[in-house]
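Enquirer: dropping the sequence and predicted coords here.
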Amino acid sequence: MSAVRIHIPPVRLAKLLRTPGGLPVAEAVQRAGAGLESLKGECLTELKSVLDAAEGCAARAGAAYDPALLDELYAIVATPIGIPSVCGLASVDTALISLSDLLDYLKGQERWDANAVAVHLRAFRLLLHTEGAADAAGTQAILAGLRKVSQRYARPEAAAE
């Protein structure tokens, strides 16, 4: 007769989990930052085209409320939200969010305020040209002003003004 031999194969997954590998965290973060920095130029170009499209759309607006135009402008400015933050332009992202909020409030009240939209678009242009980092206090003041403009229409009594 033959002898019974029990063979237990080694569990490779357990061994792989115990074996260190890959890049150290600090190096991985540094490489990711360098990769994102390389995209910044492309991001700025794309955001400039978004700004041009938004300004062109807003320029076509009349004095009266136009829901189709407001929807078009909202789609233009809401689509790139999140991209500026990834490229290190969080202030531009905040300005886009504020403008989107303003447009949402205006749509809910079925009204149009060309001045409030123009203020947001001018701030967007300024933040884009300075890349949002030239003057931290100035940038924060701009963003606080934009929030005040958009929040003016968030209140229900704003419809009566």
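Expert: Everything's here; your move.
Enquirer: in the chain, where's the longest helix?
Expert: With residue count as the measure and DSSP state H as the assignment, the chain has helix 25-59 as its longest helix.
Enquirer: what residues sit buried inside the one helix or strand residue 68 maps to?
Expert: When elements are assigned from DSSP states H and E, residue 68 belongs to helix 67-78. By neighbour count, and taking 16 or more other Cβ atoms under 10 Å as the criterion, the buried residues in helix 67-78 are 70, 72-74, 76-77. Using the backbone N, CA and C atoms, a C-beta is placed for each residue, glycine as well.
Enquirer: okay, and the helix or strand of the chain with the least pLDDT?
Expert: Ranked by mean pLDDT, DSSP states H and E, the helix or strand of the chain with the weakest confidence is helix 12-18, at a mean of 80.
Enquirer: past the helix holding residue 68, which element shows up next along the chain?
Expert: Downstream of helix 67-78, the next assigned helix or strand under DSSP H and E is helix 83-86.
Enquirer: average pLDDT across the helix or strand following that next one?
Expert: For helix 83-86, the succeeding helix or strand toward the C-terminus, using DSSP H and E, is helix 90-109. Mean pLDDT, helix 90-109: 93.
Enquirer: what angle separates helix 90-109 from helix 67-78?
Expert: Interaxial angle, helix 90-109 versus helix 67-78 (axes from the mean of the first three to the mean of the last three Cα atoms, to 10 degrees): 160 degrees.
Enquirer: need the residues that contact helix 90-109.
Expert: When contacts are defined by Cβ atoms under 8 Å, 6 or more residues apart in numbering, helix 90-109 is touched by residues 47, 54, 65, 67, 70-71, 73-74, 77-78, 80-85, 112-113, 116-117, 120-121, 123-124, 127-128, 132-133, 139, 142-143, 146-147, 149-150, 153-154, 158-159.
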